[in-house]
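>>> Could you look at this predicted model? Sequence included:
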Amino acid sequence: MRNRLHGLYVITDTVQFKREALVRVVAEAIAGGARIVQYRDKSDDSERRLAEASALRTLTLEHEVLFLINDDLDLAEAVAADGVHLGREDGAIEAARARLGTEAVIGASCYNSLELAGDAVQAGADYVAFGAFFPSRTKPDAAVASMALLIEAKQKLNVPICAIGGITRDSAPELISAGADMLAVISAVFSATDIEAAARDFSTLWPSAV
């Protein structure tokens, strides 16, 4: 699956969109070229979360798009997601691997720390994510990552790298040039008037975009 870790990586906005609306806007993002979808919802509404994740799993299978769950191994297992994305406080990568299996995609948030990224790779992460590179509405207090970190990480790590945090279409090319294999985006896609067009604007930055 690691060879699919490339391109536009959209993270759901479950504050702005829920249930059928969420599936609709994710479908629009996929139509625009999104290649990875992460379901992220920090609420305790387990019934809604299961329904939404299940519907998105069906959608991503139809379009052969990777589907990851943020932070929740139970939910990832319940909907047969392709894998999980884990933050620093979300549990051990080794435990996720043991539970989800060798084929699962496991990503790790490494903020602005190359040391954390190295540890994550050693523990078996399939990709690492750095950010925020720019001010983020989703996480206004996030650690700030630099272009220099991204360049160094690309030189030293042997896994795909994801950049996240306040990324816009205008700032995206610099991140790709510095070594980002994936760009994780929320607002720049899901707050756009035309979600499909916004996703396509990002997706065409990669030569392999279709």
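Perfect, I can see it now. Numbers count the residues shown, from 1 in each chain.

>>> next one: the longest helix anywhere in the chain to chain centre, how far?
Using DSSP state H, we find that the single longest helix of the chain is helix 46-63. Relative to its chain's centre, helix 46-63 lies at 16 Å (C-alpha atoms, centre = their mean, to the nearest Å).

>>> Can you name every helix or strand that the very next helix or strand once past it contacts?
Next along the chain after helix 46-63, taking DSSP states H and E as the criterion, comes strand 66-70. Contacts defined by 3 or more C-beta pairs under 8 Å, 6 or more residues apart in numbering; DSSP states H and E place strand 66-70 against strand 36-39, helix 46-63, helix 73-78, strand 83-86, strand 105-111. Any C-beta I mention is one placed from the backbone N, CA and C, and that applies to glycine too.

>>> List the contacts of the third one.
Pointing back at helix 73-78 there. With contact meaning C-beta atoms under 8 Å, 6 or more residues apart in numbering, helix 73-78 is reached by 39, 49-50, 53-54, 68-69, 81, 83-84, 91, 95-96, 99-100, 104.

>>> Most widely separated two among the residues you listed?
Spatial extent of the contacts of helix 73-78 (C-beta to C-beta) is set by the pair Ser54 and Ala95 at 23.6 Å.

>>> Give me the more crowded residue out of these two.
Ser54 (16 against 12; other C-beta atoms under 10 Å).

>>> Identify the residue nearest the more buried one in space, chain neighbours excluded?
The shortest distance from Ser54 to any non-neighbouring residue, by C-beta to C-beta, 6 or more residues apart in numbering, is to Val79 (5.1 Å).

>>> which stretches of this structure form strands?
For the chain, the strands defined by DSSP state E cover 7-11, 36-39, 66-70, 83-86, 105-111, 127-130, 161-164, 182-185.

>>> Within the sheet, what are the partner strands of the last one, with directions?
What that stands for is strand 182-185. The strands beside strand 182-185 in its sheet (DSSP bridges) come out as strand 7-11 (parallel), strand 161-164 (parallel).

>>> Any chance of these in TSV with distance to Asp201, mean pLDDT and mean neighbour count as columns?
Listed next are the strands paired with strand 182-185 as TSV, based on distance: least, C-beta to C-beta, whole Å; pLDDT from 0 to 100; neighbours: other C-beta atoms under 10 Å:
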stretch	distance to Asp201	mean pLDDT	mean neighbour count
strand 7-11	9	98	25
strand 161-164	16	98	26
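
>>> With distance to Glu20 added, can I get these in a markdown table?
Below are the strands paired with strand 182-185 laid out as a markdown table (distance: least, C-beta to C-beta, whole Å):
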| stretch | distance to Glu20 |
| --- | --- |
| strand 7-11 | 17 |
| strand 161-164 | 27 |
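
>>> out of everything not next to it in sequence, what's closest to Gly32?
Ala199 is the one closest to Gly32 (C-beta to C-beta, 6+ apart), at 2.7 Å.
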